[in-house]
Structure formats: C-alpha cells, structure tokens
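J.: fold the following for me, if possible:
(one chain, ligands or ions: 1)
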Amino acid sequence: MKIGVFDSGVGGLSVANFIQRALPEHEVILREDKAHVPYGTRTPQEIFGFVVPIFQELAEAGCQVIVVACNTVSTNLIEQLRARFDIPLIATEPMIKPAAERTVTGIIAVCATPLTLQSQRYHWLKQTYAKDCTVLEPDCSDWALMIQNNQVDISKLETRLSEVLDAGADIIVLGCTHYHWIDEILQDIARNRAVIIEPEASIMRQLKRVLAQRA
Ligand code: DGL
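T.: Here you go, the predicted model:
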C-alpha cells in the first residue's frame, strides 16, 4: 500500500524513515513544502492553501492514507482537511495525555511552534488531559528554521530547556516533528532530570489500525 507522509520540512523525513523501517512492505511517499517552511509563524488560512494541492497530489499518486507529520497543520487544520479529502488523515499532536499521566512533579513542558500553541485543539488537549498540571511552553519559535537550515545552536537549546528544568518540569513533549532531529541533544541536556516524549509510537498505532481496515 502507498502511505503519504507530509510536513512543511525535514520533520516529515524523521517520521517517514520511522514508518518505512517499521513497515518495509509498504511504500512511503514523502512530500515537504520547502518553499513555505516554516509554517509555525504563518496563519492557518495561508497554510491551508499550501497544503491542499500537496494532499491532492498524494491522493492522485495512490496513497491510501496520509500521515500529517506536522503538529502545526494537525492542530489547526485537521478537521478542515478531513472534510476536504476522502482518504484517512492521521494527525500528529503534542502528547499531552501521556505527559500528564507520567509526570511526578506535576509540571510538563511542551516544545512546539507558536501556531500549535495558539490552536484551539492544543488548548482542548491541555484542558482535557492536563488541567491538574502546570504546562510550561518555552519559546521555541525559531527552532524549526534552525533545524531546517541545519544550524542548530546548542547553547540556545540549553537556555530554553534549563528554564523549564529549573522550574521542575520532568516531562518534555516534542510537539513539532522538526525537533525529532535534535532529540539526542535535548535528552543530553535533560539527562536525569526529565524524560522526552515523541509521537512516533502513537502515529504507528493509528497507522496500523487504518492499514488493517484497508487491507
Ligand atoms: N514540523 C512541523 C510541526 O510538527 C512544522 C514546523 C514549521 O514548519 O514551523 O509542527
């Protein structure tokens, strides 16, 4: 089966690699929107206009499912996109629920783009699953571009992470797929103080369910 994977940029490749390794019998078709990355500082309407033709292309290429490997698109536009396309769309969202279940200090940090943090869906996730937690949102507004351009500034990451670690966060949610490329650096900075949570296992569970239905 053909599985479409979409992100604004290199975040998609991290997810596509994961899926292709886990499901070698399927064909993964990755599309990125390098012309418009980063999405996280744009408006949802603008992004919708970029994404529709790309999803159309993936559908025409025969993809039976599209993994929206972008928290920014998923949290802001998934309902609109699902209304537009017939094929299943798998969303990627900040892992608030598992973070709230695992925290011991009651303090979690969510690293995500400004648009993800502003979305109604993100507020709903926090309200529904983490209302008894303190949720910290460090300023990661320039991380996606930094990673996209392969110009990772480790001291900047240390500063941002130290703020939330010093505030007591013991779970750090990676709410942007670009950040998967720096998870080892972040793990190193957070060593013995916080656990980093990423969404791949959850994406795979949803994807396997959809593939089983379509088989
Ligand atoms: N990788 C994307 C995400 O998961 C978007 C990053 C961006 O383009 O700003 O949110």
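J.: switch to C-alpha atoms for all contacts and neighbour counts from now on
T.: Fine.
J.: please list the residues of the protein that sit near the ligand.
T.: By CA under 6 Å from any ligand atom, the part of the chain that sits against the ligand consists of 7-8, 11, 37-40, 70-72, 113, 144, 176-178.
J.: now, the residues you listed that are in helices?
T.: Of the positions in these, Gly11, Asn71, Thr72, Ala144 sit in helices, assigned by DSSP state H.
J.: what about the first one, distance to Trp181?
T.: When you say that, I think you mean Gly11. 8 Å (CA to CA, to the nearest Å).
J.: returning to what we had before: among the ones in helices among the residues of the chain next to the ligand, which one sits closest to Leu89?
T.: For those, the closest approach to Leu89 (CA to CA) belongs to Asn71, at 12.8 Å.
J.: tally of neighbours for the closest one?
T.: Neighbour count of Asn71, defined by other CA atoms under 10 Å: 28.
J.: one step back: out of the ones in helices among the residues of the chain next to the ligand, which is most surrounded?
T.: Among these, Thr72 has the most neighbours (other CA under 10 Å), with 35 neighbours.
J.: report pLDDT for the spatially closest residue to that one that is not a sequence neighbour.
T.: Among residues not flanking Thr72 along the chain, Thr116 sits closest, at 4.8 Å (CA to CA, 6 or more residues apart in numbering). Thr116 carries a pLDDT value of 98.
J.: with only the CA atoms kept, save the helix or strand hosting Thr116 in CSV.
T.: Using DSSP states H and E, Thr116 sits in helix 114-118. Only the C-alpha atoms of helix 114-118 are listed here, as CSV (Å, rounded to 0.1, in the frame of the first residue of the first chain):
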residue,chain,number,x,y,z
PRO,A,114,3.7,29.3,18.0
LEU,A,115,0.7,28.3,15.8
THR,A,116,0.4,24.9,17.5
LEU,A,117,0.4,26.6,20.9
GLN,A,118,-2.3,29.0,19.8
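J.: what packs against that helix?
T.: Other helices and strands packing on helix 114-118, by 3 or more CA pairs under 8 Å, 6 or more residues apart in numbering; DSSP states H and E, are helix 71-84.
J.: which is the next helix or strand following the helix ranked longest in the chain?
T.: In the chain, taking DSSP H as the definition, the longest helix is helix 44-60. Moving toward the C-terminus from helix 44-60, the next helix or strand (DSSP H and E) is strand 65-68.
J.: nothing else from me, thank you.
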